[in-house]
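[1] Give the three-dimensional model of this entry:
(chains A, B and C)
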Amino acid sequence: MNPRALPVLVLAGIGLLCAIAFPFLYVTPNRLLSGEPHSPHVVALALSWVLLAGLGMLEVRGSRVAVALLAWALIAGLPLVAGMDARALLHATAASARVPLGAGFWLMWLAANLLLLDRLRGVRTSGRIVAWAGLFVALVAMSRAGAFESLALVREFHAQRGPFMDALLTHLSLAATTLVLALVIGAPLGWWAWRARRTDGAVVGVLAFLQTVPSLALFALLIGPFAWLARAWPALGALGFGGTGAAPAVFALVLYALLPVVRYTVAGLGAVPPDAREAARGLGMSRLQLLSRVQLPLGWPVLLAGLRIVAVQTIGLAAVATLIGAGGLGRFVFLGIGQGANDMVMLGTLAIIALALAVDLLFQAMLAFTERRS
Amino acid sequence: MIFAPLLLVALLLVLPHSEPWFHAWIPTLSHPLYARTSFLALTLSHLWLVALATFVAVAIGLTLGVLATRPTGRSLLPTVRAIAVIGQTFPPVAVLAIAVPLLGFGAAPTLLALTLYGVLPVLGQTVAGLDNVSPAALHAADGMGYGRWRRLWDVELPLAAGPIMAGVRLSAIVGVGTATIGSAVGATTLGSPIVEGLVGNNTAYVVQGALLVGALALSIDGLLGSVERRIRRNRR
Amino acid sequence: MIEFDHVHKRFGEHVVIDDLSLRVEDGEFFVLVGPSGSGKSTLLRTVNRLVHIDAGNVRIDGVDVATQDVETLRRGIGYAIQSVGLFPHRTVGENVATVPHLLGWSKAEIDARVEELLILLKLDEPGIVDRYPDTLSGGQQQRVGVARALAARPRIVLMDEPFGALDPVTRESLQASLKAIQRDTATTILFVTHDMDEAFGLGHRVALMLDGKVAQVGTPLELIRQPVNERVREFVGGSRARLRELAVRLVRDSMRKGEIADGDAVDGGSSLQDALGAMLTQGRDRLPVHEDGHPAGTILLADLVASRE
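    Numbering: from 1, shown residues only, chains lettered A, B, ... in the order given. All right, here's what the predicted structure looks like:
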């Protein structure tokens, strides 16, 4: 057997299992009640996974391409099929009915994505970009054409469009503020720790200690001190600075972000070999020139890799900040959980995941760009 | 290292009798002490959730990590890595939230989220640890007649134990944090006083829960950290 | 006895071992020498089947290694490599005991054997058994590596440039230890090196490998004196071959018995190179030769220059 067939077999096996064992869709009477599972295409979907597995095992020219194409078609096709099913199902039921996507859909879609990822490995960068960008364009086009309008998620989105956009913006600004502050505070701190060789000293120790404290506890503990601050200096209170809201949230998020920023700054500064530093100093560079002309260009990719981790982590943690009134996409998650509105939970959750993945991709692209330049 | 567990024990002993202090601090609260469940019960339930989830996560992560680094499973390695990398971008809250529609309210979705999320660091570190075992040691082991599984057990796993333990520790710490949030979906954990305090505007509850969960997290981190250091000491 | 019988091995399009036949006798110290990429390491590894051959066969005492259980086969053959490959999580004693442990020896047997080997390899610092490899010097690590290879008293030991990464002084000391151990135990050693001096210093017989083939096989003197072609002559050292010859031949074979000379004596078992060195140091053209500490004869500079049997 072709050794490269194993990933296809495993992923197709998972897909097959999900097609058979988990519901593709649900039909619920309204957005708060749970509903009946609906899996209209079990046989067709199961067969396509079997076909994928078979193609993966074959060792003929083009079988790899065929697997990639089929995976591509599944990623684009599964949402389309689900959207069409939803439309048909809604025709027959009350206006308040909803058709949420089931675990079967999500897991199969995930498996198809992983499969495409695996098959595109070793393909030229341009080829990979074409495949993924093509998918993106296809899905956007389908969405524009209204193919997904009947799905519960999209309906929830339309019903909540205003608050959702606000929450998205709040989330982004929380994360961006945190990132900037963490960089402004953390990079000099890292530089100091590196110069003073204090990377295992008290400052880093405290940051590592804070990293361990559960986010909810840290957020909650900050309410008291911040409320006190706002009372003690009314001017701060007038600026929207209070026990709850964005201020304690950003404060806590920055505390969490500092450790990675400091660590990666130290690693970035250490990326310049001591010989090179000595040589640069020997050539008559000042400490500042050394930093700006040697250390920054060489250490920047390392720091960027750190910022990628910080950004993704912050987007996730910011979801918890809603519990202390900071808003953001976490609001949809926790409000939805409180109301038992699963569509709302899914809307918030998927938005957070999508945001994290998008930011991750953005940083990856930036990293690739800086590495190509140097 | 011993400080955090001592703090936790002290808090568990003192907090049940601390009502007068909280009353003195915030006189406006009629019930300044969380009383729905005892702090000890909350701590044990929190610990149990984390322990169970971490145990299952380690079993799954270790198995997958080992399989993906065997010659036959090698082609799965990129996919396993991709899952670990992409999975890490999923916020714990999101994993928790996805588990709710599947399993409803209570401890079950929290347990599922903790387990799923906990697999990733263990898996990632197992793969990294096994990949970094000195090729010379492996070559020598082969040359001296180690069988494939015996080599894994006697040479590879002991040498990868440090990184694997780091993964277990990370998994447990993230678990403590996620279990705290799990109280928002109905699990009984140390997050319960925090969430109730936030909802009912009772700062005393918040402080009580946060102190305990902070001490618990630091205790677990300290304990697993010292195990990790002990393992790493002679395995360079 | 190890026999390579029309062994053939290719990696992709590249032929590494080309229809090679060779025979290593029992109790022989046999060296495979050649430039990197000549296939010598690959050939060595066909014996314990770390490399699978494409054609031909490799036999030990007449039995094809391919027919044996691979783990049993390997446990019966000692193996030492340049990168040593000690297990960093095990003490020196545990590392040495690896194969006896795999073979299920009793603890008493293992302990006794470990002690014996540590003395044999001059690893006699107190408490060294319980130390971890990363606390040892490179030379000590390789001594442990050699002890580990010898632990289960294998009749055959394979060594792949075991001393290649060591400094010259340490290397010479280890070479001397290994030579003595081989002589005393009559173990068959198949030894790979790219260092011609090491090959001639250690080997009873040497096979010069070039491009996956044996260019010439014979005693060091045969290779030095009768290279079969220009390439062999070039590798053996061209004009410097005579210097190598001095390193290979012993004083006792060239000395004049019974004559008496002044100066510090050289031992009959040392090489002509050593004798030349002693003459240069002492500024004499003849030196007394001792055997077992007793005067036995004289060695002359003229004998060194003229020496050709």
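[2] For the closest residue to chain A within the stretch 101-250 of chain C, grab the count of nearby residues.
    With C-beta to the nearest C-beta, the shortest gap between the stretch 101-250 of chain C and chain A falls at C:Asp134, namely 21.3 Å. Where you see a C-beta, it was placed from the backbone N, CA and C, and this is true even at glycine. Look at C:Asp134: counted by other C-beta atoms under 10 Å in any protein chain shown, it has 11 neighbours.
[3] surely it meets C:Pro88?
    Yes - C:Asp134 is within contact range of C:Pro88, at 6.1 Å (criterion: C-beta atoms under 8 Å).
[4] From C:Phe87, how far off is the residue of the stretch 101-250 of chain C closest to chain A?
    With the distance defined as C-beta to C-beta, to the nearest Å, C:Asp134 ends up 11 Å from C:Phe87.
[5] What of A:Leu101?
    51 Å.
[6] so which helix or strand takes in the residue lying closest to A:Gly201 once chain neighbours are set aside?
    Nearest residue to A:Gly201, sequence neighbours excluded (C-beta to C-beta, 6 or more residues apart in numbering or on different chains): A:Ala193, at 6.9 Å. Element membership for A:Ala193 (DSSP states H and E) is helix A:161-195.
[7] following that helix, which helix or strand comes up?
    Heading C-terminal from helix A:161-195 (DSSP H and E), you reach helix A:202-212.
[8] Can you point out the buried residues in that next one?
    Going by neighbour count (16 or more other C-beta atoms under 10 Å in any protein chain shown), the buried part of helix A:202-212 is A:Val203, A:Val204, A:Leu207, A:Phe209, A:Gln211, A:Thr212.
[9] swap in stretch A:265-272?
    A:Thr265, A:Val266, A:Ala267, A:Gly268, A:Leu269, A:Val272.
[10] residues in contact with it?
    With C-beta atoms under 8 Å, 6 or more residues apart in numbering or on different chains as the test, stretch A:265-272 has contacts from A:186-187, A:189-191, A:193-194, A:199, A:294-295, A:298-303, A:306.
[11] So for it, mean pLDDT?
    On average, the pLDDT along stretch A:265-272 is 85.
[12] Just give me how far it sits from the chain centre.
    Here stretch A:265-272 is found 27 Å from its chain centre; the criterion is C-alpha atoms, centre = their mean, to the nearest Å.
[13] Kindly report the same for stretch A:271-282.
    On C-alpha atoms, centre = their mean, the centre of stretch A:271-282 falls 38 Å from that of its chain.
[14] Near chain B, which residues of the stretch 51-200 of chain C are found?
    Counting by C-beta under 8 Å from any C-beta of the partner chain, the residues of the stretch 51-200 of chain C close to chain B are C:70-76, C:79, C:81, C:83-89, C:98-99, C:102, C:132, C:134, C:145, C:148, C:158.
[15] And the strands in chain A?
    Ranges of strands within chain A are A:25-27, A:36-38, based on DSSP state E.
[16] most tightly surrounded among the ones you listed?
    Greatest average neighbour count among the strands of chain A goes to strand A:25-27 (a mean of 22), per mean count of other C-beta atoms under 10 Å in any protein chain shown.
[17] check contacts around residue 191.
    You didn't pick a chain, so chain A it is. Counting by C-beta under 8 Å, 6+ apart, A:Trp191 has contacts A:Thr265, A:Leu269, A:Leu291.
[18] wait, I meant chain B there
    A:Pro214, A:Leu216, B:His46, B:Ala179, B:Thr180, B:Ile181, B:Gly182, B:Ser183, B:Ala184, B:Gly209, B:Val213.
[19] helices and strands around the helix or strand containing C:Leu73, which ones?
    Secondary structure from DSSP H and E places C:Leu73 in helix C:70-75. On a contact count with 3 or more C-beta pairs under 8 Å, 6 or more residues apart in numbering or on different chains; DSSP states H and E, helix C:70-75 meets no helix or strand.
[20] Go through it and flag the buried ones.
    Buried-residue list, helix C:70-75, by 16+ other C-beta under 10 Å: C:Glu71, C:Leu73, C:Arg74, C:Arg75.
[21] One more: stretch B:40-54?
    Buried residues in stretch B:40-54, counted by 16+ other C-beta under 10 Å: B:Leu42, B:Thr43, B:Ser45, B:His46, B:Leu47, B:Leu49, B:Val50, B:Ala53, B:Thr54.
[22] Just confirm yes or no for that stretch near chain A.
    No - if you take C-beta under 8 Å from any C-beta as the test, stretch B:40-54 misses chain A, and the best it gets is 10.0 Å.
[23] State the distance from A:Gln211 to C:Val58.
    In this view, A:Gln211 and C:Val58 are 57 Å apart by C-beta to C-beta.
[24] burial measure for the residue in the stretch 101-250 of chain A that chain C sits nearest to, as a count.
    Across the stretch 101-250 of chain A, the shortest distance to chain C (C-beta to the nearest C-beta) belongs to A:Gly122, at 18.0 Å. By other C-beta under 10 Å, 11 other residues sit near A:Gly122.
[25] what does the one 10 residues further on give?
    Around A:Trp132 sit 17 other residues, with neighbours defined as other C-beta under 10 Å.
[26] And it, how far from A:Arg124?
    Separation of A:Trp132 from A:Arg124 (C-beta to C-beta) stands at 13 Å.
[27] Surely A:Val213 and B:Gly214 touch.
    Yes - counting by C-beta under 8 Å, A:Val213 touches B:Gly214, with 4.8 Å between them.
[28] No further questions, thank you.
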